[in-house]
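Enquirer: the sequence isn't on hand, but the structure is:
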């Protein structure tokens with residue numbers, strides 16, 4: 001095989017696939033694009049039968065050493081990457097999430113604004129056929145959601161009546177209306193492995209990109225390092241069938257995650273004081289609420305409501321913002337005759353601030369593996385969690401609360417953020433606002449590793465929009 005290409009893309013998850021979506025229409029008819037995927041192609045049926053996307057199996061499929069296994073980092077190998085196992089929650093970040101330092105004197109500002117990214121949010125939502133609130137709230141929008149909102153449960157209706165400007169149907173890529181490739185969401189609540197293939201995945205909606213004759217897709221091809229010369233990326237060294245090979249290209253695109261992106265840069269001798277530093281994700285807390293006389297679970301998808309009552313505001317100068325998910329999965333019914341459905345389960349998801357003590361580095365003992373060191377989330381986040389007992393009674397007053405129980409912090413939100421951050425200053429960031437490496441100007445780094453902060457909102461829609469933004473500015 002001729003190993004000379006115009007572009008090499010590492011990974012077939014959201015970043016790599018959205019890159020192809022934006023790039024292929026611009027590329028000439030003779031362009032040659034190599035895509036390296038370290039996993040295999042597995043059909044939806046095979047994933048389902050073999051239960052490949054259960055969290056306990058996912059964590060064992062990709063080789064990296066975790067110094068704190070009690071804190072798992074969910075890495076999904078194989079075609080489509082994280083889209084195989086995600087829950088398909090697609091809120092946008094809020095405008096103030098991009099200027100946390102300017103508005104609240106906390107964290108750092110992003111090098112671009114919500115207004116700049118908004119058209120790319122819209123394009124990403126169209127690609128995923130996102131379902132959302134009829135009025136598009138709570139963030140400024142240039143056009144309506146592609147799909148109508150999912151049906152609320154009765155507790156949702158009480159909350160939206162009390163908080164009409166702060167409580168909405170969750171924006172989601174779990175279909176509310178059938179698409180050409182996906183049926184209506186069945187609402188069974190096993191979204192990590194959707195039994196009917198209703199949620200958006202790379203396999204069911206973007207696989208056609210890899211059938212383009214200009215694209216060469218290699219499976220079980222593990223990227224080892226970016227090759228450079230004279231300050232330019234010249235290609236990628238990778239392992240295939242036990243043999244190290246080199247592919248050359250004019251542009252290299254890293255579309256892995258916040259563990260493997262920094263690891264590849266470190267193995268490429270592209271050192272930076274902040275490379276691999278600041279590993280983080282959001283922190284979740286479940287709350288169970290017993291209701292007096294109100295039944296639940298009438299909704300049409302697994303998570304019906306999104307509450308913004310604790311999200312943005314002056315409190316962010318002191319403690320973390322929080323987004324509220326209201327679940328419609330009846331796996332914890334109330335064990336009382338005649339009151340089985342009088343229970344509501346919510347998740348309160350807090351932002352975190354990156355800390356240099358949480359990092360990814362190259363293992364000194366394990367060949368071809370990164371090491372993950374995690375010391376914990378920030379005091380800023382903990383203060384947000386600590387506020388719950390005081391704010392919940394008033395916030396939940398619209399519901400007939402009989403009893404509420406705050407559970408402990410969840411072990412993971414399934415997100416990996418912040419180890420190759422974007423910024424205008426090369427001394428404090430790895431890539432610029434267009435996701436180009438500051439020192440190697442034909443090297444792009446995509447995905448949530450570029451996030452300077454971790455807003456409460458799920459990161460997938462934002463990283464997809466950022467990819468389209470970056471392609472447009474190549």
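Expert: It's in. Owing to the predicted nature of the structure, the values given are computational and were not obtained by experimental measurement. Residues are numbered from 1 along each chain as shown.
Enquirer: can you name every helix or strand that the biggest helix by length in the chain contacts?
Expert: Selection of the longest helix in the chain by residue count, based on DSSP state H, yields helix 114-128. Secondary-structure packing of helix 114-128 (3 or more C-beta pairs under 8 Å, 6 or more residues apart in numbering; DSSP states H and E): helix 14-23, helix 460-472. For the C-beta atoms, the positions are set from N, CA and C on the backbone; glycine is no exception.
Enquirer: what residues of that helix count as buried?
Expert: Neighbour counts over helix 114-128 (16 or more other C-beta atoms under 10 Å) mark 114, 117-118, 120-125, 127-128 as buried.
Enquirer: still on that earlier bit, in JSON lines, list the helices and strands packed on helix 114-128 along with mean pLDDT.
Expert: Output for the helices and strands packed on helix 114-128, formatted as JSON lines (pLDDT from 0 to 100):
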{"stretch": "helix 14-23", "mean pLDDT": "98"}
{"stretch": "helix 460-472", "mean pLDDT": "98"}
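Enquirer: to residue 231, which of the ones you listed lies closest?
Expert: helix 460-472 (20.2 Å; C-beta to C-beta).
Enquirer: rewinding a little: same list, the helices and strands packed on helix 114-128, but as a markdown table with mean neighbour count and distance to residue 284 please.
Expert: Below are those laid out as a markdown table (neighbours: other C-beta atoms under 10 Å; distance: least, C-beta to C-beta, whole Å):
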| stretch | mean neighbour count | distance to residue 284 |
| --- | --- | --- |
| helix 14-23 | 27 | 21 |
| helix 460-472 | 24 | 16 |
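Enquirer: right, and the ones you listed - which one's nearest residue 206?
Expert: Of all the helices and strands packed on helix 114-128, helix 14-23 comes closest under C-beta to C-beta, at 4.7 Å.
Enquirer: the next helix or strand after that closest one pairs with which strands?
Expert: Note on helix 14-23: by DSSP states H and E, the next helix or strand toward the C-terminus is strand 33-36. Next to strand 33-36 in the sheet, as set by DSSP bridges, lie strand 4-10 (parallel), strand 215-218 (parallel).
Enquirer: contacts for strand 33-36?
Expert: Defining contact as C-beta atoms under 8 Å, 6 or more residues apart in numbering, one finds that strand 33-36 is touched by 3, 5-12, 16, 20, 23-24, 27, 210, 214-218, 221-223, 236, 238, 247, 249.
Enquirer: separation between residue 17 and residue 288?
Expert: Between residue 17 and residue 288 the distance, using C-beta to C-beta, to the nearest Å, works out to 37 Å.
Enquirer: typo on my end, residue 398
Expert: 17 Å.
Enquirer: and what of residue 467?
Expert: On the measure of C-beta to C-beta, residue 467 and residue 288 end up 37 Å apart.
Enquirer: same check on residue 123?
Expert: To residue 288, residue 123 is 38 Å away according to C-beta to C-beta.
Enquirer: same for the lengthiest strand in the chain, what does it pack against?
Expert: Using DSSP state E to define each element, the chain has its longest strand at strand 243-254. In this structure, strand 243-254 packs against strand 4-10, strand 221-229, strand 232-240, helix 260-267, strand 443-445, with contacts taken as 3+ C-beta pairs under 8 Å, 6+ apart.
Enquirer: so for the first one, what gets flagged as buried?
Expert: Buried residues in strand 4-10, counted by 16+ other C-beta under 10 Å: 5-10.
Enquirer: what's the burial count for the residue nearest to residue 20 when sequence neighbours are not counted?
Expert: Sequence neighbours aside, residue 209 is the residue nearest to residue 20 in space, at 4.4 Å (criterion: C-beta to C-beta, 6 or more residues apart in numbering). Neighbours of residue 209 under the rule other C-beta atoms under 10 Å: 21.
Enquirer: surely residue 209 meets residue 127?
Expert: No: counting by C-beta atoms under 8 Å, no contact exists between residue 209 and residue 127, whose distance comes to 10.8 Å.
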